[in-house]
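A.B. asks: Give me a model of this one.
(chains A and B)
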Amino acid sequence: MSSRRSRSRHSGSSRITDDQINELVSKLQQLLPELHNRRSDKKSAAKVLQETCNYIRSLHREVDDLSERLSELLENTDTTQAALIRNLLMQ
Amino acid sequence: MKKSSSSSKSKRWSPDENPKYSLKKKMASRFLRSMKKMDCSSSPSTGEKGSWRYHAIRAAAYASMASAVGPRKAWSRALLKKIRNHKVMMRKSSSERRNNPRNIRRFGHEGLNDLSQVVPGGKAMDSCSLLTETAHYIKCLAAQVQIMKQILHYSTC
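C.D. replies: Here you go, the predicted structure:
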């Protein structure tokens, strides 16, 4: 794993052991929907980190998309959907 | 809010973790509150109304996440600071950051470098805290997405 190299090269992260990094990476792996169900086969740290990045980006896109849809919903003031959402907001 | 609307993805996070669930509740109430505020306040009569609302809702989504978590996490501190400074939220210009030589190869690991660019405040973290903060950020972001989906589901079914 390349974190071993980074550990020796960068003084900032010298306190962290490879085991700690591996543990954190495997924790991260469990949060990923792509890799979650295949916990048995161990992924490389690089793969997990890349998947994590992709997952965060996809969540950001989802927030964008949902904001768009919610704003469209509120835009149409006279529909029943807007009435429903206003009802929810007033609770 | 309907809990039954949670997709298969969402079932994994919430029910077993009580503190997380209350955090999610906090996020949801903050988000709804700011949406209500935005709904009551008059929108600008000129210009692109839809775009104004979109940006306001998106900002509210990240703001409610960060303020529900509070200052105990570095990523939420970074987000709150951004909000205070009225800067454009999130991924302001990922290309700009990537081209900044200061950020390249800070970790000596490509995956960690990429991660530090998508997690708020990631640039200022060491590799250990970057990984723990990332895990927490993912959970909160997923919860926020779930909340927004549930609001949409509630009002469209």
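A.B. asks: Can you list the buried residues in stretch B:146-157?
C.D. replies: For stretch B:146-157, the buried set under the neighbour-count rule, 16 or more other CB atoms under 10 Å in any protein chain shown, comprises B:Gln146, B:Ile147, B:Met148, B:Lys149, B:Gln150, B:Ile151, B:Leu152, B:Tyr154, B:Ser155. Where C-beta positions appear, they are placed from N, C-alpha and C, glycine not excepted.
A.B. asks: Which elements pack onto the helix or strand encompassing the fifth one?
C.D. replies: To tie it back to what came earlier, the one meant is B:Gln150. Using DSSP states H and E, the secondary-structure element containing B:Gln150 is helix B:127-156. Other elements packing on helix B:127-156 under the criterion 3 or more CB pairs under 8 Å, 6 or more residues apart in numbering or on different chains; DSSP states H and E are helix A:18-31, helix A:45-75, helix A:80-90, helix B:18-40, helix B:49-69, helix B:74-84, helix B:110-118.
A.B. asks: Give me the nearest residue to B:Gly122, chain neighbours excluded.
C.D. replies: Residue nearest to B:Gly122 in three dimensions, not counting chain neighbours: B:Ser116, with 3.6 Å by CB to CB, 6 or more residues apart in numbering or on different chains.
A.B. asks: So that neighbour sits against B:Phe107, correct?
C.D. replies: Yes: here B:Ser116 reaches B:Phe107: they are 6.9 Å apart, a contact under CB atoms under 8 Å.
A.B. asks: any residues in contact with both of those two?
C.D. replies: Applying CB atoms under 8 Å, 6 or more residues apart in numbering or on different chains, one finds that B:Ser116 and B:Phe107 are jointly contacted by B:Leu130.
A.B. asks: More neighbours: which of these two?
C.D. replies: When B:Ser116 is set against B:Phe107 and neighbours are counted by other CB atoms under 10 Å in any protein chain shown, the residue ahead is B:Phe107, at 25 against 22.
A.B. asks: The more buried one and chain A, how far apart?
C.D. replies: 6 Å (CB to the nearest CB, to the nearest Å).
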